[in-house]
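**Q** have a look at this prediction, sequence included:
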Amino acid sequence: MHDAPPRKGSRLDSFIRRLEAQRACLDWAAAAIKDVRGSVVELGLGNGRTYDHLRTRLGGREIFAFDRQVAAHPACIPDATHMIVGDFRDTLPAFVTRQMGRIALVHADIGSGDEAATVALARWLGPVLGPLLARGALVLADQRMEIAGTAPQSLPPGVPPDRYFIYCAG
């Protein structure tokens, strides 16, 4: 038998809490950016659940999704213009140059099972995101980041501290 650190419930319980927090933050952000002009960026398309949620909540906003490879449900894959495939470090710099100051919302779901790699990616990503953001834009992230020109925001009611992170561009 393996000695594991004590935890609050099962991994399934933790997964459900993460998804509930994610949904609460996405819904809050959709309302909060209603008067902010700009497109949306989904970093980490995964299986497409949050992309689908965002396009449902944000109506006609243009949404760009990024991921290393496409593994989403077929109904949740953006068209070729809006699906950017490859490592963020390779694909984001040119996108930032083209979209500077035009993004109203970034959702960054970048956590992986490799904690060191996730922390390194968040450290790299934070400085890259700042120039993308329109005034009043939001960044929602599953990792803590340092993003120039933004201020941390309170989480929506019911979302525990450090479960998600929200930053607003000034």
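**A** Looks like it arrived, so ask away.
**Q** which regions of the chain lie under the pLDDT threshold?
**A** 1-7 (pLDDT under 70).
**Q** list the buried residues of the top strand by length along it.
**A** When the chain is parsed with DSSP state E, its longest strand is strand 133-141. Neighbour counts over strand 133-141 (16 or more other Cβ atoms under 10 Å) mark 133-134, 137-141 as buried. For glycine as for every other residue, the C-beta is placed from the backbone atoms N, C-alpha and C.
**Q** and stretch 145-163, by the same measure?
**A** 145, 147, 150, 153, 155-156, 159, 163.
**Q** one more: stretch 81-98?
**A** For stretch 81-98, burial by neighbour count (16+ other Cβ under 10 Å) applies to 82-84, 88, 91-92, 95-96.
**Q** give me the buried positions along stretch 29-36.
**A** By 16+ other Cβ under 10 Å, the buried positions in stretch 29-36 come out as 29-30, 32-33, 36.
**Q** kindly report the same for stretch 40-53.
**A** Quick answer for stretch 40-53 (16+ other Cβ under 10 Å): 40-45, 48-53.
**Q** just give me the closest of those residues to residue 112.
**A** residue 44 (9.2 Å; Cβ to Cβ).
**Q** in this structure the closest one contacts residue 106, no?
**A** No - using Cβ atoms under 8 Å, residue 44 is not in contact with residue 106; the gap is 10.8 Å.
**Q** shared neighbours, those two?
**A** The overlap between the contact sets of residue 44 and residue 106 (Cβ atoms under 8 Å, 6 or more residues apart in numbering) is empty.
**Q** now the strands for the protein?
**A** For the chain, applying DSSP E gives strands covering 39-43, 63-67, 83-85, 103-108, 133-141, 150-153, 165-169.
**Q** longest helix of the chain?
**A** As assigned by DSSP state H, the longest helix anywhere in the chain is helix 11-32.
**Q** which elements pack onto it?
**A** Packing contacts for helix 11-32, counted by 3 or more Cβ pairs under 8 Å, 6 or more residues apart in numbering; DSSP states H and E, involve helix 49-57, strand 103-108, strand 133-141, strand 165-169.
**Q** format the ones you listed as a markdown table; extra columns: distance to residue 73.
**A** Shown next, in a markdown table, are the helices and strands packed on helix 11-32 (distance: least, Cβ to Cβ, whole Å):
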| stretch | distance to residue 73 |
| --- | --- |
| helix 49-57 | 8 |
| strand 103-108 | 17 |
| strand 133-141 | 21 |
| strand 165-169 | 27 |
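**Q** which one of these lies nearest to residue 119?
**A** Going by Cβ to Cβ, the one of these nearest residue 119 is strand 133-141, 12.4 Å.
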